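Peer 1: I would like to see how this sequence folds:
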Amino acid sequence: MYIHVDPGRQRSEVREAGDLKSFAIVVAGSATDDQVASALAPLARLESPEHAWVSVGLLRAACGRDTDADWSLAFAAMIDYAASKGWLNDTGTELRAHLERRGGAEVTAHNPGRAPAADTPQEHRLAIEFGIFDHIDVSDATPAVEVYEDRIALIKKAEEGGFYAFHLAEHHGHTLSIAPSAAVFLSAVARETTRLKLIPTVVCLPLHDPVRLFEELTMLDVLSHGRLELGVGKGITPFEHLMFGHPADEAAARSKEILTMLLRAWETGIISSEGSAFYDFLEMKLPFEPVQRPYPPLWTAGNVETAGRNGHNFVFPVAISPEIRGRYDALRTESRAVPGHQNPHVTQPRIGQSQGIVIARTNEEAEAIARRTWKGYSELLMRAHGIIPPHRQAGVPEMDNPVAEMQLRRDPIEAGLIIAGTAERVRDYYVETATRGLANYFMLMFPYGDMSKDEVSYTLDAFMDEVIPAVREVEAVALPA
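Peer 2: Sure thing, here's the model as predicted:
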């Protein structure tokens, strides 16, 4: 639902009253603040060039749906949600709304218009962006040099097609990843791209020497001209910790220590083990300056508690639910009041969902590809558990997380792990998801498993041609359902 304001005709009207998943005020054409205020009255009063207070009673009356009991309940839920976010006045009679000024063209009821550019002031969320998440896994004997060259070509194409970032996972000692050093691979990508953000997702902190990690990441920041962002975590694979000489049960404590060292070093230029229980080394001063200050934006994958408490950008392995988004928002709000909180320079975090993607000429073909590729890929994920490395495993080990194992063994499409279909079906899914307003970042887990080059190319082309433009048309300010 939105209020369409026509300053030239000095009138405003409620449009799409049945869609209570979003709310905004859309001003068509150029106009002075006085003209906008006059056109809005008496439905709303202008507070500033970017916001207005809308009368809840007059808005409800203007919708003309009071006799519809289901609509009335949904309207009340929308107002309750607004109240929980602090968007109602003290008496509950006015709703604070964002104004979007849309140039000269008439804004149609079916399509309120293109989302504002990323630098447009917005109250509730950033414009939606897209990323690719990749393990660089292999399912056959394709030489590493061919895999690397193909991936870099794919990443360059994705940048040209409007993607925001490339995310690279970290794993060691098995074919789930044949690019175990994110700094090395992303440095190669940095020299072949110009705008794409480069995001290790995640750096498994305990698997690194702190000094070497600081040096490599600051080099990557310089080589990419400040396009590095950092996913950080402890890693999920016990045998990988054993490969690097420490028990897995130390991973969380080691991770916390290294992150503290790393962030302090990025700000001061000196990395030190002072106060560490696990590391003891002579402090080192970096002989050059990184690009970003105080440090690159931080990300957390999977764990909403960690992401929210630290104010990190966040990505979840399935669709973002209202509960997950609400929990993140509450924790992040609390974290901003803590002295010395992380990510102080990130005022509007990315909240993302990561799902596999397959697009084909028919829904049936896409679903068949998705299920075929998932079979081998999910086995690789399950082998990334336990204390025995894959080359010594007699079979697929039991996972230490039975819920995750059950999810991996489910049908990937029914579980929401993969979005598969024609370009039209996939487009509709992402448009609907964007409209809900819970996520402002869509991460495609792609390519994966034994997808052929033709399947990869068709999927990427269709997504860039059909899905991204459609999602760009979704309003950038939305209230979750």
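
Peer 1: in the stretch 101-250 of the chain, which segments are predicted with low confidence?
Peer 2: 102-126 (pLDDT under 70).

Peer 1: Please report phi then psi for the nearest residue to residue 411 once chain neighbours are set aside.
Peer 2: In space, and not counting its chain neighbours, residue 411 is closest to residue 371: 7.2 Å by C-beta to C-beta, 6 or more residues apart in numbering. The C-beta positions use only the backbone N, C-alpha and C, and glycine is treated the same way. In terms of degrees, to the nearest 10, the main-chain angles of residue 371 are phi -70, psi -40.

Peer 1: hang on, isn't residue 277 packed against residue 253?
Peer 2: Yes - judged on C-beta atoms under 8 Å, residue 277 makes contact with residue 253 at a distance of 7.1 Å.

Peer 1: what about stretch 369-376, distance to the chain center?
Peer 2: Taking C-alpha atoms, centre = their mean, to the nearest Å, one finds stretch 369-376 lying 24 Å from the centre of the chain it belongs to.

Peer 1: picking up where we left off before, pretty sure the residue nearest to residue 411 is in contact with residue 415, am I right?
Peer 2: No - the criterion here is C-beta under 8 Å, and residue 371 misses it with residue 415 at 11.5 Å.

Peer 1: what mean pLDDT does the strand or helix carrying residue 458 have?
Peer 2: Assigned by DSSP states H and E, residue 458 belongs to helix 453-462. Average pLDDT, helix 453-462: 98.

Peer 1: counting contacts, what elements does that helix pack onto?
Peer 2: helix 144-160, strand 351-359 (3 or more C-beta pairs under 8 Å, 6 or more residues apart in numbering; DSSP states H and E).

Peer 1: That helix: how far from the chain's middle?
Peer 2: 22 Å.

Peer 1: what comes up buried for it?
Peer 2: 455-456, 458-460, 462 (16 or more other C-beta atoms under 10 Å).

Peer 1: Show me the domain layout of this structure.
Peer 2: 2-101, 129-359+410-472 (automatic domain parsing).

Peer 1: how far away is the closest residue to residue 289 other than its chain neighbours from residue 284?
Peer 2: Spatially, and ignoring its direct neighbours in sequence, residue 289 is nearest to residue 269 (7.6 Å; C-beta to C-beta, 6+ apart). Distance, residue 269 to residue 284, by C-beta to C-beta, to the nearest Å: 10 Å.

Peer 1: swap in residue 140?
Peer 2: 42 Å.

Peer 1: Neighbour count for those two, which is higher?
Peer 2: residue 284 (16 against 8; other C-beta atoms under 10 Å).

Peer 1: Please name the bridge partners of the more buried one.
Peer 2: Beta bridges link residue 284 to residue 271, judged by DSSP bridges.

Peer 1: mind listing what it touches?
Peer 2: 211, 214, 270-271 (C-beta atoms under 8 Å, 6 or more residues apart in numbering).

Peer 1: okay, those residues in TSV with neighbour count and distance to residue 383 next?
Peer 2: Shown next, in TSV, are those (neighbours: other C-beta atoms under 10 Å; distance: C-beta to C-beta, whole Å):
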residue	neighbour count	distance to residue 383
211	19	32
214	23	31
270	12	40
271	23	34
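
Peer 1: now for those residues, which pair is the farthest apart?
Peer 2: For these, the farthest-apart pair by C-beta to C-beta is 211 and 270; their separation is 10.8 Å.

Peer 1: Residue 233 and residue 223: what is the separation?
Peer 2: 23 Å.

Peer 1: Compare neighbour counts for those two and give me the winner.
Peer 2: For residue 233 and residue 223, the more surrounded residue by other C-beta under 10 Å is residue 233, and the numbers stand at 23 against 19.

Peer 1: Counting neighbours, what do you get for the closest residue to that one other than its chain neighbours?
Peer 2: Leaving aside its sequence neighbours, residue 233 sits nearest to residue 202 (C-beta to C-beta, 6+ apart; 3.9 Å). Look at residue 202: counted by other C-beta under 10 Å, it has 25 neighbours.

Peer 1: swap in the one 4 residues further on?
Peer 2: Applying the criterion other C-beta under 10 Å, we find 24 residues in the vicinity of residue 206.

Peer 1: same question, residue 311
Peer 2: Residue 311: 24 neighbours (other C-beta under 10 Å).

Peer 1: What separation is there between it and residue 337?
Peer 2: 11 Å.

Peer 1: ok, now residue 64?
Peer 2: 43 Å.

Peer 1: which of these two has more neighbours?
Peer 2: residue 64 (11 against 7).

Peer 1: isn't the more buried one right up against residue 17?
Peer 2: Yes - counting by C-beta under 8 Å, residue 64 touches residue 17, with 7.1 Å between them.

Peer 1: contacting residues around the spatially closest residue to residue 408 that is not a sequence neighbour?
Peer 2: Nearest residue to residue 408, sequence neighbours excluded (C-beta to C-beta, 6+ apart): residue 378, at 4.7 Å. Applying C-beta under 8 Å, 6+ apart, we find residue 378 in contact with 408-409, 412.

Peer 1: that's a helix at residue 378, yeah?
Peer 2: Yes - assessed with DSSP: H, G, I helix; E, B strand; the rest coil, residue 378 lies in a helix.

Peer 1: What distance do you get for it to residue 449?
Peer 2: From residue 378 to residue 449 the distance is 8 Å (C-beta to C-beta).

Peer 1: average pLDDT for stretch 425-434?
Peer 2: 96.

Peer 1: What are the buried residues along it?
Peer 2: 426-427, 429-430, 433-434.

Peer 1: element containing residue 139, please.
Peer 2: Counting by DSSP H and E, residue 139 is part of no helix or strand.
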